[in-house]
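**Q** Provided below are the primary sequence and the corresponding predicted coordinates.
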Amino acid sequence: MQISNFPVTPVEQSRLSQVDFDNLGFGSIFSDHMFSMVYEDGAWKNPEIHPYRTLALEPGVSMLHYGQTVFDGYKAFRGLDGEARIFRPDMNVRRLHDSCRRLCIPIMEVEELLEIIIQATRQLIALDHGWLPSRWGQSLYVRPLVIGTEATLEVRAATSYRLMIMTSPVGSYFTNLQKGVSLRVEDRFTRAASVGGLGAVKTAANYAASLLPGFESRQQGFDQVLWLDGNEHRYVEEVGAMNIFFKIDGKVVTPPLGGSILPGVVRNSALTLLRDWGIPVEERRIATDEVVEAFRSGDLQEVFGAGTAAVICPVASIGFKGEVFQVATTPPGELTLRLYDQLTGIQYGKLADRHGWNVRVPIPQSDSVMVQ
């Protein structure tokens, strides 16, 4: 497919004036335009940008019955220089490609998918630049989504699909970062099966499985769930929708990718920075017994989550088998704060992007300048 500017049908009237940028929340407001293309007759075709709108779907579409849907998410930031920066979209698109393959969605080759999605994202940002928030901590969340659209109740892969990209101005995912979040260890339910399941891809099934444990955690006064492995319910895997890190006696430990853990983009970025700084890092299995022992001995210095929504999120306490363990360092810890400041500094253009992570998008200069 020839990649250039995609055809655009502009909105007749923008909804931008209705947006309260002081109270954005996360993911409940959508920008004026979206990207769309379809898979029919064995080919992806008809890429276009059009007004954000509802979808007309038959009740029998396979996605509604058999969950053949995948998505991803990344962010664009209004830099201090007024230019937009998309943070590491290539990693998200490659992960989307892997998710499609796992769910038997006939996606295009990864390099072509990269070209299409990044070009579509650049166009959407340029077109809806007024929706790009201008305060530190705010961003434009970009959500690519692929759904099966064939109407059939036969249990098989669909023959038609739709790829969409929508954007949403968002604030901070958590509002209590200064005091940190509280976690409850989930030792009954499993977010994802072990190797061979869907844990390493972003599909609706993973998130549906997390809703009840998350609801129960909040009922018990915790913010998020700390997930354990699906085989023994012994080894730490993820926290909520983020990857988890522990600083124990000067070393940073995080669970390894092995098929049941999502390969997070911020996880990869944090590991890169830690190694740049010469901080010892171990990607290995970590049992709940080891975490509890580190709590009791005082060796557990910091705990933090890493994910697109929250960037770096300090953990203040973990509830496990009737006890609540407080992290030794008052959140945010020194390393947690250093990672957060470095990553957000790169995202907003305050610090040098030495690894070339940002895709920069020129946007018209307006009265809305970046406010730290």
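**A** Received the coordinates, thanks.
**Q** quick one, helices of the stretch 51-200 of the chain?
**A** For the stretch 51-200 of the chain, the helices defined by DSSP state H, counting those that start in this stretch occupy 62-66, 89-102, 110-127.
**Q** low pLDDT regions in the stretch 1-150 of the chain?
**A** 1-3 (pLDDT under 70).
**Q** Recalculate using a threshold of 90.
**A** Within the stretch 1-150 of the chain, the segments meeting pLDDT under 90 span 1-5, 22-27, 80, 82, 136-137.
**Q** Which stretches in it count as strands?
**A** With DSSP state E, counting those that start in this stretch as the criterion, the stretch 1-150 of the chain has strands at 33-40, 43-51, 69-71, 74-78, 84-87, 139-148.
**Q** Convert the fifth one to PDB, retaining C-alpha atoms only.
**A** As requested, the backbone C-alpha atoms of strand 84-87 are provided in PDB (Å, rounded to 0.1, in the frame of the first residue of the first chain):
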ATOM      1  CA  ALA A  84       4.200  17.300  19.700                       C
ATOM      2  CA  ARG A  85       6.100  14.200  20.600                       C
ATOM      3  CA  ILE A  86       4.800  10.600  20.300                       C
ATOM      4  CA  PHE A  87       6.600   8.400  22.800                       C
END
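**Q** Which elements pack onto that strand?
**A** In terms of contacts (3 or more CB pairs under 8 Å, 6 or more residues apart in numbering; DSSP states H and E), strand 84-87 is packed against strand 74-78, helix 110-127, helix 334-347, strand 358-361. Using the backbone N, CA and C atoms, a C-beta is placed for each residue, glycine as well.
**Q** Name the residues linked to the nearest residue to Leu127 once chain neighbours are set aside by a beta bridge.
**A** Excluding its sequence neighbours, the residue lying closest to Leu127 (CB to CB, 6 or more residues apart in numbering) is His33, at 5.5 Å. Applying DSSP bridges to His33 yields these beta-bridge partners: Pro51.
**Q** One more: Val239?
**A** Leu226, Met242.
**Q** Now do the same contact list for it.
**A** Leu183, Gln224, Val225, Leu226, Trp227, Gly305, Val315 (CB atoms under 8 Å, 6 or more residues apart in numbering).
**Q** What about the second one, how many residues nearby?
**A** As a burial measure, Gln224 scores 27 neighbours (other CB atoms under 10 Å).
**Q** Likewise for Asp187?
**A** Asp187 has 14 nearby residues by other CB under 10 Å.
**Q** Over to the nearest residue to it once chain neighbours are set aside: give its phi and psi.
**A** Using CB to CB, 6+ apart and skipping residues adjacent in sequence, the residue nearest Asp187 is His233, 4.8 Å away. The phi/psi pair for His233 (degrees, to the nearest 10) reads phi 50, psi 50.
**Q** For His233, give me its contacts.
**A** Applying CB under 8 Å, 6+ apart, the residues near His233 are Asp187, Arg188, Thr190.
**Q** Could you do Cys104 as well?
**A** Contacts of Cys104 (CB under 8 Å, 6+ apart): Gln68, Ala157.
**Q** hmm, back to that, which member of the contacts of Val239 is positioned nearest Asn358?
**A** Gly305 (22.4 Å; CB to CB).
**Q** tell me which element that closest one is part of?
**A** Taking DSSP states H and E as the definition, Gly305 sits inside strand 300-307.
**Q** Just give me how far whichever helix or strand comes after that strand sits from the chain centre.
**A** Moving toward the C-terminus from strand 300-307, the next helix or strand (DSSP H and E) is strand 311-320. Here strand 311-320 shows a centroid-to-chain-centroid distance of 18 Å under the convention CA atoms, centre = their mean, to the nearest Å.
**Q** State the pLDDT value of the residue most central in space within the chain.
**A** Taking CA atoms, centre = their mean as the criterion, Thr308 is the residue nearest the geometric centre of the chain, at 4.0 Å. Thr308 carries a pLDDT score of 92 in this model.
**Q** hang on, the earlier thing: tell me the one among the contacts of His233 nearest to Ala352.
**A** Ala352 lies nearest to Thr190 out of the contacts of His233, by CB to CB, at 41.4 Å.
**Q** which residue of this protein sits farthest from its center?
**A** Ser297 (33.7 Å).
**Q** Tell me the buried residues in stretch 249-268?
**A** Buried positions in stretch 249-268, judged by neighbour count with 16 or more other CB atoms under 10 Å: 252-255, 257, 260-262, 264-268.
**Q** now stretch 128-147
**A** Quick answer for stretch 128-147 (16+ other CB under 10 Å): 128-134, 136, 138-147.
**Q** quick one, which of the helices and strands packed on strand 84-87 is nearest to Ala209?
**A** So among the helices and strands packed on strand 84-87, strand 74-78 is nearest, using CB to CB, at 23.1 Å.
**Q** partner strands of the closest one, parallel or antiparallel?
**A** strand 84-87 (antiparallel), strand 139-148 (antiparallel).
**Q** so the residue nearest to the centre of the chain touches Ala76, yeah?
**A** No - with contact defined as CB atoms under 8 Å, Thr308 does not reach Ala76; the gap is 11.6 Å.
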